[in-house]
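>>> Below are the sequence and a predicted model for it; my questions follow.
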Amino acid sequence: MGRRLSELAELVGGRVEGDPDREVEAIQPLETAGPAHLSLYKDPRFRARALASRAGALLVGASEWEGLEGRNRLVADDPAAAFGRLLRVFHPLALPEPGIHPTAILGTDVEVDPAAHLGPYVVVGDGSRIGPRAVLSAHVVLGRHCTVGEGSVLHPHAVLYDDTELAENVEVHAGVVLGSDGFGYTSSRSGHQKVPQVGRVVIESGVEIGANTTIDRATLGETRIGAGTKIDNLVQVGHNVQVGKANLLCGQAGIAGSARLGDGVVLAGQSGVSGHIELGNGVQVAAKSAALESIAAGQVAGIPAIEIGRWRRQVVRIANLEKLQQRLRELGRRLEAVESQSGKRGDA
Amino acid sequence: MGRRLSELAELVGGRVEGDPDREVEAIQPLETAGPAHLSLYKDPRFRARALASRAGALLVGASEWEGLEGRNRLVADDPAAAFGRLLRVFHPLALPEPGIHPTAILGTDVEVDPAAHLGPYVVVGDGSRIGPRAVLSAHVVLGRHCTVGEGSVLHPHAVLYDDTELAENVEVHAGVVLGSDGFGYTSSRSGHQKVPQVGRVVIESGVEIGANTTIDRATLGETRIGAGTKIDNLVQVGHNVQVGKANLLCGQAGIAGSARLGDGVVLAGQSGVSGHIELGNGVQVAAKSAALESIAAGQVAGIPAIEIGRWRRQVVRIANLEKLQQRLRELGRRLEAVESQSGKRGDA
Amino acid sequence: MGRRLSELAELVGGRVEGDPDREVEAIQPLETAGPAHLSLYKDPRFRARALASRAGALLVGASEWEGLEGRNRLVADDPAAAFGRLLRVFHPLALPEPGIHPTAILGTDVEVDPAAHLGPYVVVGDGSRIGPRAVLSAHVVLGRHCTVGEGSVLHPHAVLYDDTELAENVEVHAGVVLGSDGFGYTSSRSGHQKVPQVGRVVIESGVEIGANTTIDRATLGETRIGAGTKIDNLVQVGHNVQVGKANLLCGQAGIAGSARLGDGVVLAGQSGVSGHIELGNGVQVAAKSAALESIAAGQVAGIPAIEIGRWRRQVVRIANLEKLQQRLRELGRRLEAVESQSGKRGDA
């Protein structure tokens, strides 16, 4: 099972400093690694851990290894990317065998590619199509007229409502719900009347969706997640939202209905985006912050979210309010002294 | 499949301006509509879209159609409500056929109305009762002694713990958990001891509950959601909470244990309500805000939530703190000038 | 079914004031209790309810029963703890019968203790082990090489990914996902490349995990939840997080990757913890707050979270900003008066 360090270096386009024939049996964190292990060290904050580590070799960048000259090193331009690739070498993806489990229940006019896998207790609605090498794990439920593209993987208990479309190489984690009804009502004195939600959800290629995240179908038309976007756990995406390409939507973020996000947008953990607003390409919303109005570019923070530098200065100014009050009192006393000096008081 | 515009107008109590015989084949958004489509236009913010739209007819209110006089129009007093009703005309609800799927597993003393539908792999615990026209979709799990009222619909993977009661016409989306244990412990040096959660959850008629939302059973007695309340996705409702009628609880909102909400309360997205407090009828908590104390009436925002007008003024004052500091410095300089003028300094 | 008050007192080490032979048939809240019921009264805020209650007996602490001298009382040192124990007396845990439901599907090399219960449609992956008196409710899915310790209970639809380990007496509520992939990518111009998540999740003994909560597997190594920690609904725990013993993580709290929490930490509802930071033993993060930097000890609140007393004073100072502005204007006017008095203006 072991691989020589030089072989690993070649796989990631790196070079070896030290013993190229060092055998690596596994990748391990610095703390638990032993002589047969390779460990990633890329952040100088963890230098003490690297120095103390018993790892047989270190995966480092071009400039992070001062003090570690005596160690075997695999030097890569982008050590984090190399780390990801090497993890896959030691932990190859084990896709399940093609075939349909006898307990899977398929509706009428369902097309399943022979290279797809449908696990135990999968339920697929009428007219759905499952592409080659797609994986529907145990207990996945698809409604009618759903599409699962080539190589897409659905983990246990994922649910797709009718008409949901997944392109190629989409990964949907356990408990995800795609295509549930949007939160749309017209309200009057007699209560809230449901607006039928008759649109759908489209997930473009290469998207990953974290556990128990929910994405609502459009009222009319589509809720769409752009290619290469990555969504963390417990994220809420409202109806008719348009998410661009290569977004990162972190844990527990929420996007209200009809918002539009450009490409490369980042929503940090527990952040929120109001309905009907637009975030331009590359906008980053800080953790716990709420974008309540459209934002063309840049990083924002706070509730409501403002440019992050301004937000940081506001935090400092709020912390300094006590001093400001003291200064004001001091000015008041000095002014009083001047007033009594001049034998006169102002108009207050 | 087409319907004449005059026919649609009659259905919603509206009137036609333009060609009453215009055939409408579908409802579409302004952007994608063509000559055979009807589109809703109610918000003047989207006037440019309406002007550019190729829709064969527009659904409008009494006053929003300036500049659109040449278009076929269906004029309704409440165009949003008319839109909802017409969507249902073009997309009629297709309820599944009555009957119990052969893979459904029923406990003892379960009563299922012959007009109910139980889908594949449904599991129903002892002593539960399923009413007429109720729908339990694939993989729904009911505990013991649950009740599902007439016309209530449970989407795939919904879970009801023992003793949960759903009245009529309740809609429960995929992944919802009703009746899980409340978060109740007594803490001491030896750790946190669980307080058994032996109450239940009652959902009144006409409630809709969004995907992956969780509502905990009461410690003793009931957690109750009032009639006509609408709950969005990923909302958390703690044990013993009492939610009134016709509330709107938006995505990722949370309500801590034993809080009481009146009728017509609105919790905007990602807002929170502390335990053991009361929100009066019609209270609205803004997005990302936290009601930490009881609120009798009105709109609130902020953490802790205060009257929304005050909150908005606070946001402006915080943004103006820099100017305030500058003004203070300026006063200081002028005061110094006066002090040196008078040949004296104050007591500072 | 009834039990004498003296018998109940003995069970919790308390004493009876009033009639020791009073028969108690159930425990009820103060509002709904009748003569055959015992009700907890521990919070003086609810004194009016206690006085109005028809309960045949009250469970009280040593000092909360002024005005209630005429009532039958069970007096306990810790009435809340006694309440929890007595609830279990009247509502004994009814564990399901041991055995494997015929619809359960087990992989190869699965070990199931004969005293375990596997419900309908349970799926267990290759090489997993289920301990004595463990309960896997309907539709629970375990991946490969999972361990469920003695007496652990998994509610319907819980999902464990490969390699997840539950120690003894863990309770996992419906819809929980343990071991899903962490949110790890390396980003470049060509997009976000997934870093394989090949670690696992370990849940120590006595942990309870609320409905639809998600805990991600480690990239390498372990995400670990310490013994006796209690986690509420819809909580997100990122990859490689280390949670200590006896934590309380309240509803919708979130912990970003690689954060470390000591023992006895409390995260209140909807609070958040940034990645890679540490919270010391006993740290308490207030509701809606965000710990963005490491915190050694104490209670914190706000975004970013600061010592809670400071946060409270900041809230007051912000509320007083209007007065501060008024005082500043007043000082300006008085200064102007002094300046004109002295026939001179300052340098402004």
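Cool, got the structure.
>>> distance between the ends of stretch A:14-34?
Separation of the first and last residues of stretch A:14-34 by C-alpha to C-alpha, to the nearest Å is 22 Å.
>>> average pLDDT across that stretch?
On average, the pLDDT along stretch A:14-34 is 95.
>>> What of stretch A:164-175?
98.
>>> A:E25 is in contact with A:H37, correct?
Yes. Using C-beta atoms under 8 Å, A:H37 is in contact with A:E25, at 6.8 Å. From N, CA and C alone the C-beta is placed, and that goes for glycine too.
>>> Tell me how chain A divides into domains.
Per automatic domain parsing, the domain ranges recorded for chain A read A:3-90, A:158-304, A:318-348.
>>> wait, which of those domains is closest to B:A104?
Closest to B:A104 of the domains of chain A, according to C-beta to C-beta: domain A:158-304, at 17.7 Å.
>>> do that closest one and chain B meet?
Yes. Remark: domain A:158-304 sits within contact range of chain B at A:159, A:161, A:175, A:177, A:180-181, A:183-188, A:191-196, A:198, A:212, A:214, A:216, A:219-221, A:234, A:236, A:238, A:252, A:254, A:256, A:270, A:272, A:274, A:290, A:292, A:303-304, by C-beta under 8 Å from any C-beta of the partner chain.
>>> Give me the buried entries from these.
Buried members of the residues of domain A:158-304 next to chain B, counted by 16 or more other C-beta atoms under 10 Å in any protein chain shown: A:159, A:161, A:175, A:177, A:180-181, A:183-186, A:191-196, A:198, A:212, A:214, A:216, A:219-221, A:234, A:236, A:238, A:252, A:254, A:256, A:270, A:272, A:274, A:290, A:292, A:303-304.
>>> In strands, which of these appear?
Secondary structure from DSSP state E places A:159, A:177, A:180, A:185-186, A:191-194, A:214, A:216, A:236, A:254, A:272, A:290 of those in strands.
>>> What residues does the stretch 1-150 of chain A have near chain C?
A:27-29, A:31-32, A:78, A:80-81, A:83-84, A:87-88, A:90-91, A:103, A:119-121, A:137-139.
>>> Which members of the buried ones among the residues of domain A:158-304 next to chain B additionally contact chain C?
Taking C-beta under 8 Å from any C-beta as the test, chain C is in contact with A:G175, A:N212, A:L234, A:Q252, A:Q270, A:I303 out of these.
>>> ok, the residue of chain A found nearest chain B to B:K323 distance?
Closest residue of chain A to chain B, C-beta to the nearest C-beta: A:R334 (3.0 Å). Look at A:R334 and B:K323: by C-beta to C-beta, to the nearest Å, they are 22 Å apart.
>>> cool, and A:V122?
Taking C-beta to C-beta, one finds A:V122 at 63 Å from B:K323.
>>> ok, those two, which is more surrounded?
A:V122 (26 against 10; other C-beta atoms under 10 Å in any protein chain shown).
>>> For chain A, give the helix that spans the most residues.
As assigned by DSSP state H, the longest helix anywhere in chain A is helix A:321-341.
>>> ok, A:L51 - how many residues close by?
12.
>>> which secondary structure element contains it?
Taking DSSP states H and E as the definition, one finds A:L51 inside helix A:47-52.
>>> neighbouring contacts of that helix?
Helix A:47-52 is contacted by residues A:L30, A:E31, A:S39, A:Y41, A:L58, A:G67, A:L68 when judged by C-beta atoms under 8 Å, 6 or more residues apart in numbering or on different chains.
>>> Quick check: the farthest pair among those residues?
Within the contacts of helix A:47-52, two members stand farthest from each other by C-beta to C-beta: A:E31 and A:G67, at 17.7 Å.
>>> Tell me the spatial nearest neighbour of A:P196, not counting adjacent residues.
B:L87 (4.2 Å; C-beta to C-beta, 6 or more residues apart in numbering or on different chains).
>>> right, and A:Q284 touches A:V266 too?
Yes. Assessed by C-beta under 8 Å, A:Q284 is found in contact with A:V266 at 4.3 Å.
>>> Output the helix or strand harbouring A:E10 as CSV - backbone C-alpha positions only.
Per DSSP H and E: A:E10 is located in helix A:5-11. Extracted C-alpha coordinates of helix A:5-11, given in CSV (Å, rounded to 0.1, in the frame of the first residue of the first chain):
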residue,chain,number,x,y,z
LEU,A,5,7.6,10.2,-1.7
SER,A,6,9.1,10.8,-5.2
GLU,A,7,6.1,9.1,-6.7
LEU,A,8,3.7,11.3,-4.8
ALA,A,9,5.7,14.4,-5.8
GLU,A,10,5.3,13.5,-9.4
LEU,A,11,1.6,13.1,-9.0
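>>> in the stretch 1-150 of chain A, what spans have low per-residue confidence?
Within the stretch 1-150 of chain A, the segments meeting pLDDT under 70 span A:1.
>>> separation between the closest residue to A:R22 other than its chain neighbours and chain C?
Counting by C-beta to C-beta, 6+ apart, the nearest residue to A:R22 once its immediate chain neighbours are dropped is A:L5, at 4.3 Å. A:L5 sits 18 Å away from chain C, going by C-beta to the nearest C-beta, to the nearest Å.
>>> Also A:V338?
For A:V338, the distance to chain C - C-beta to the nearest C-beta - is 6 Å.
>>> pretty sure A:G210 is in contact with A:V237, am I right?
No. Assessed by C-beta under 8 Å, A:G210 is found out of contact with A:V237, at 11.7 Å.
>>> what residues are shared contacts of the two?
A:I231.
>>> hmm, back to that, now for the longest helix of chain A, which elements pack on it?
Applying 3 or more C-beta pairs under 8 Å, 6 or more residues apart in numbering or on different chains; DSSP states H and E, we find helix A:321-341 packed against helix B:321-341, helix C:308-319, helix C:321-341.
>>> Between the ones you listed, which one is closest to A:E10.
Set against A:E10 and scored by C-beta to C-beta, those come closest in helix C:308-319, at 54.5 Å.
>>> Next, the contact list for the nearest residue to A:G332 once chain neighbours are set aside, please.
Once flanking residues are discounted, A:G332 sits nearest to C:L331: 6.2 Å by C-beta to C-beta, 6+ apart. By C-beta under 8 Å, 6+ apart, the residues touching C:L331 are A:L328, A:L331, A:G332, A:L335, B:L331.
>>> quick revisit: between the longest helix of chain A and helix B:308-319, how many degrees?
Helix A:321-341 and helix B:308-319 are oriented at 80 degrees to each other (axes from the mean of the first three to the mean of the last three C-alpha atoms, to 10 degrees).
>>> CA atoms only: put helix A:321-341 into CSV for me.
Taking Å, rounded to 0.1, in the frame of the first residue of the first chain, the C-alpha atoms of helix A:321-341 are listed here in CSV:
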residue,chain,number,x,y,z
LEU,A,321,-18.4,55.2,23.1
GLU,A,322,-17.6,55.3,26.8
LYS,A,323,-14.5,57.4,26.2
LEU,A,324,-16.5,59.7,23.9
GLN,A,325,-19.1,60.2,26.7
GLN,A,326,-16.3,61.0,29.2
ARG,A,327,-14.8,63.5,26.8
LEU,A,328,-18.2,65.1,26.3
ARG,A,329,-18.6,65.4,30.1
GLU,A,330,-15.1,66.9,30.4
LEU,A,331,-15.8,69.5,27.7
GLY,A,332,-19.0,70.3,29.6
ARG,A,333,-17.1,71.0,32.8
ARG,A,334,-14.5,73.1,31.1
LEU,A,335,-17.2,75.0,29.3
GLU,A,336,-19.0,75.7,32.6
ALA,A,337,-15.7,77.0,34.0
VAL,A,338,-15.3,79.3,31.1
GLU,A,339,-18.9,80.4,31.3
SER,A,340,-18.7,81.2,35.1
GLN,A,341,-15.4,82.9,34.4
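>>> Buried residues in it, which are they?
Judged by neighbour count using 16+ other C-beta under 10 Å, the buried positions of helix A:321-341 are A:L321, A:L324, A:R327, A:L328, A:L331, A:G332, A:R334, A:L335, A:A337, A:V338, A:E339.
>>> got a pLDDT number for A:S340?
Looking at A:S340, its pLDDT reads 86.
>>> again with A:T214
The model reports A:T214 with a pLDDT of 98.
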